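S.K.: Requesting a structural model of the entry that follows:
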Amino acid sequence: MRHRHARTSACAIVAAVGALVLTALPGSAAADSTAPQTSHRSAAETLSVGATSDAVFQAMRRDLGLDRAQAERRLANEAEAGAVAGRLRHALGGSFAGAWVSGTESATLTVATTDATRMAAVRAAGARAVHVPHTLAQLDAAKDKLDRASARRAAPEASSWAVDVRTNTVQLRAADPAAARSFVAASGADRGLISVGRTTERPRPLYDIRGGDAYYMGGGRCSVGFAITRGSQQGFATAGHCGRAGTSTTGYNQVAQGSFQASTFPGRDTAWVATNSNWTATPYVKGQGGQNVRVAGSTQAAVGASICRSGSTTGWHCGTVQQHNTSVTYPQGTVSGVTRTSVCAEPGDSGGSFISGSQAQGVTSGGSGNCRSGGTTYYQPINPLLQGYGLTLKTGTSGSENPGPGQPGETTWAAGTVYEAGAQVTYDGTTYRCLQSHQAQPGWEPANTPSLWEQV
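M.R.: Numbering: from 1, shown residues only. The predicted structure is shown next:
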């Protein structure tokens with residue numbers, strides 16, 4: 001821990017997927033220019049790829065070796081891939097086994113399925129198809145057993161586990177593989193689904209209202225994740241291990257700032273701070289050289305996608321998303337539901353912003369290594385945090401007054417509500433299914449955003 005102090009024909013699946021074709025991903029240089037045009041915005045337009053900050057491109061050049069044109073194509077490809085993967089996930093149903101992007105410009109979307117008869121349909125949608133033995137639901141169930149076991153008994157030292165869609169296994173890494181195998185056996189999980197390996201990592205939370213700016217609590221320092229509102233109250237999302245409910249904070253300038261309203265750690269690593277009237281929430285993250293990076297939404301990035309992090313110790317660094325839905329064991333206990341990345345971080349970066357293009361991804365939790373030799377960092381996804389505390393992300397595309405979160409279980413689309421992939425809503429009398437997890441905002445109505453919603 002880092003602390004500063006039913007089988008479906010191929011034709012039916014293609015129909016469900018729609019007109020997006022990924023021979024090269026839509027939006028890439030090789031996209032079919034003869035494809036029918038619609039009045040709907042593309043995924044790249046919906047996710048404001050064209051408004052990506054120069055600071056993001058500079059860091060992608062430094063950390064991923066991409067020039068401006070390559071980075072622009074990569075972000076556009078990743079936006080389009082997320083939409084196509086969402087459609088294929090629903091079209092494939094129970095045989096879906098995950099999706100990921102790859103290649104320098106993320107020009108290849110791979111979709112895995114356990115049903116070989118559906119591979120042609122995946123390819124017809126423009127994605128690379130792979131046949132695998134285990135469904136994503138089976139892998140998720142195995143991981144859930146490990147999560148439950150960690151609540152009953154201590155997990156192996158310095159361990160983490162995650163569904164790895166690229167290997168079609170649950171990968172468990174631990175300092176002591178023998179202890180890890182014992183842990184798996186005691187969990188009751190299917191050992192055939194779990195790959196155990198040794199790791200030299202020693203993850204720990206990264207302790208010590210613009211994302212990435214420092215804030216202080218007593219003798220410690222952490223970083224702002226993302227500015228939020230809750231009704232008329234302003235504040236920010238951050239990591240739970242940085243403070244408990246009631247902990248007072250001062251800002252980067254050591255001026256009185258606010259206090260933690262809620263905090264969870266371990267189990268999850270989430271918290272939010274309510275600020276006083278001297279502080280104003282802004283739709284920005286601190287980028288390279290202090291430049292403002294605009295936050296336009298919170299659509300979840302795919303495995304393999306590029307991602308950047310802002311923190312008060314090491315500033316702005318980029319890498320890629322390696323695994324979603326990871327559980328990692330810190331000295332204080334296991335934290336589940338985090339995302340593993342190849343981005344570096346150091347003490348004091350905890351709580352800071354993870355962003356992909358202009359889409360907020362999460363708040364820095366912990367990791368290993370450093371920004372001199374490289375490292376692995378985990379973040380707590382932002383959408384579950386927003387949903388759990390009833391918060392609304394401050395974005396540059398929202399109106400002057402952000403609407404409050406919708407009520408749990410409601411079926412009418414509402415701005416401010418966090419929707420998970422698979423959720424169904426009605427809008428103007430029509431039913432839609434969510435393709436990618438996100439918090440809804442004005443301008444992202446289902447009828448206008450086919451990259452986020454499909455008509456049922």
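S.K.: The spatially closest residue to residue 312 that is not a sequence neighbour and residue 238: what is the separation?
M.R.: Computed as CB to CB, 6 or more residues apart in numbering, the closest residue to residue 312 that is not its neighbour in sequence is residue 214, at 3.5 Å. For glycine as for every other residue, the C-beta is placed from the backbone atoms N, C-alpha and C. Relative to residue 238, residue 214 is positioned 11 Å away (CB to CB, to the nearest Å).
S.K.: Between these two, point out the one with more neighbours.
M.R.: More crowded of residue 214 and residue 238, by other CB atoms under 10 Å: residue 238, with 33 against 23.
S.K.: Next secondary structure element downstream of the lowest-mean-pLDDT helix or strand in the chain?
M.R.: Least confident helix or strand, the chain: helix 10-17 with a mean of 40, by mean pLDDT, DSSP states H and E. Downstream of helix 10-17, the first helix or strand assigned by DSSP states H and E is helix 43-46.
S.K.: any idea how far that next one is from the chain center?
M.R.: 17 Å (CA atoms, centre = their mean, to the nearest Å).
S.K.: Now the longest helix along the chain: average pLDDT?
M.R.: Longest helix of the chain, by residue count under DSSP state H: helix 68-92. The average pLDDT within helix 68-92 is 97.
S.K.: and it, what does it pack onto?
M.R.: Using 3 or more CB pairs under 8 Å, 6 or more residues apart in numbering; DSSP states H and E as the contact test, the elements touching helix 68-92 are helix 10-17, helix 43-46, helix 54-64, strand 96-102, strand 108-113, helix 119-124, strand 306-311, strand 453-455.
S.K.: which other residues reach the second one?
M.R.: The list of residues contacting helix 43-46 from outside it, by CB atoms under 8 Å, 6 or more residues apart in numbering, reads 26-27, 50, 75-76, 79-80, 82-83, 444, 449, 451-452.
S.K.: By neighbour count, sort out the buried ones in those.
M.R.: Buried members of these, counted by 16 or more other CB atoms under 10 Å: 26, 27, 75, 76, 79, 80, 82, 83, 444, 449, 451, 452.
S.K.: Which member of those is positioned nearest residue 166?
M.R.: If you rank the buried ones among the contacts of helix 43-46 by distance to residue 166 using CB to CB, residue 82 comes first, at 16.4 Å.
S.K.: Show the contacting residues for that closest one.
M.R.: 43, 299, 300, 301, 302, 435, 436, 451.
S.K.: One more: residue 135?
M.R.: Residue 135 sits in contact with 94, 95, 96, 97, 114, where contact means CB under 8 Å, 6+ apart.
S.K.: Out of those residues, which is nearest to residue 159?
M.R.: Taking the contacts of residue 135 together and measuring to residue 159 by CB to CB, the closest member is residue 97, at 24.3 Å.
S.K.: Give the closest residue to the closest one in space, chain neighbours not counted.
M.R.: Per CB to CB, 6+ apart, closest to residue 97 is residue 112, 3.8 Å.
S.K.: in the stretch 301-450 of the chain, which spans are helices?
M.R.: Assigned by DSSP state H, counting those that start in this stretch, the stretch 301-450 of the chain shows helices spanning 382-389.
S.K.: all strands for it, in order.
M.R.: In the stretch 301-450 of the chain, the strands defined using DSSP state E, counting those that start in this stretch lie at 306-311, 315-330, 333-341, 353-356, 359-370, 374-381, 392-393, 418-419, 424-427, 430-434, 438-439.
S.K.: Could you pull out the buried residues of stretch 143-152?
M.R.: Across stretch 143-152, burial judged by 16+ other CB under 10 Å covers 143, 144, 145, 146, 147, 149, 150.
S.K.: and the third one, backbone torsions?
M.R.: Translated: residue 145. When read as degrees, to the nearest 10, the backbone of residue 145 gives phi -70, psi -40.
S.K.: So which of the strands of the stretch 301-450 of the chain is the most surrounded?
M.R.: strand 353-356 (a mean of 31; mean count of other CB atoms under 10 Å).
S.K.: what does the average pLDDT come to for that strand?
M.R.: For strand 353-356, the mean per-residue pLDDT is 98.
S.K.: what's next to it, contact-wise?
M.R.: By CB under 8 Å, 6+ apart, strand 353-356 touches 56, 75, 78, 211-212, 223-226, 285-286, 293, 295, 301, 305-311, 321, 339, 341, 343, 360-364, 379, 382.
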